[in-house]
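# Could you work out the structure for the sequence below:
(chains A and B)
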Amino acid sequence: TQLLEQSPQFLSIQEGENLTVYCNSSSVFSSLQWYRQEPGEGPVLLVTVVTGGEVKKLKRLTFQFGDARKDSSLHITAAQPGDTGLYLCAGAGIIRDDKIIFGKGTRLHILP
Amino acid sequence: ETGVTQSPTHLIKTRGQQVTLRCSSQSGHNTVSWYQQALGQGPQFIFQYYREEENGRGNFPPRFSGLQFPNYSSELNVNALELDDSALYLCASSPREGRTLGAFFGQGTRLTVV
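Model prediction:
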């Protein structure tokens, strides 16, 4: 069973601060995805990382895939209130890479 | 190009009843997955359909069943509803090569069982 552990579960910080969210597993994934979900909405795909060690940037968001393809991190620079939401990491398995398994998410609240 | 749409958006059912939720996949996507998301949790994989056949199942009992139609739209059926079935039900579509593109979700159906 492939499990994804996200930390922290909750994070509340002031606008302008930096933060990092982690996604860890003992399993190897063929790819890892990050989603953001607003209350009452479905998750929205932010990025997919595929290659071990890969780094992708989306404006103030930086995503990294671990060298061993077991973990990932999301770093937000100069957080803004609009970044508030639930951030979910999800992995596609090595054997059945079309099925995506989610972590429990990190609920982020940026205070103005 | 239309996105993933789900219906209804909200539903209230009584324990023991049956429910059918519907999903239209994004244009060009032939794979549909269903997820259950309890409050404060991440989505839990229920099952996936590809070319009208079930293509993998999570840890859900047989009273959760589904269908995929030739146009790739899908239904999720839940029989003998229990209070714990109350959740946001999400449908996600992806091309067969979902590994590199990720999944695209609908807005979900909020099911409340009373």
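
# Residue B:16 contacts residue B:79, correct?
No. With contact defined as CB atoms under 8 Å, residue B:16 does not count as touching residue B:79 (9.2 Å). To be clear about C-beta, it is placed using only N, CA and C from the backbone, and glycine gets the same treatment.

# quick one, which of those two is more surrounded?
A count of neighbours by other CB atoms under 10 Å in any protein chain shown puts residue B:79 above the other of residue B:16 and residue B:79, at 13 against 10.

# Which residue comes closest to the residue of chain A found nearest chain B once chain neighbours are left out?
When CB to the nearest CB is the measure, chain A has its nearest residue to chain B at residue A:42, with 3.3 Å between them. Of all residues not flanking residue A:42 in the chain, residue B:105 sits nearest, at 3.3 Å (CB to CB, 6 or more residues apart in numbering or on different chains).

# Now do the contacts for residue 104.
Here I'm looking at chain A. Each residue near residue A:104 by CB atoms under 8 Å, 6 or more residues apart in numbering or on different chains is listed here: A:6, A:9, B:41, B:42.

# The intended chain is chain B.
Residue B:104 makes contact with A:45, B:3, B:4, B:26, B:29, B:92, B:93, B:94, according to CB under 8 Å, 6+ apart.

# Go again with 10 Å.
Counting by CB atoms under 10 Å, 6 or more residues apart in numbering or on different chains, residue B:104 makes contact with A:42-45, B:3-4, B:25-26, B:29, B:91-95, B:98.
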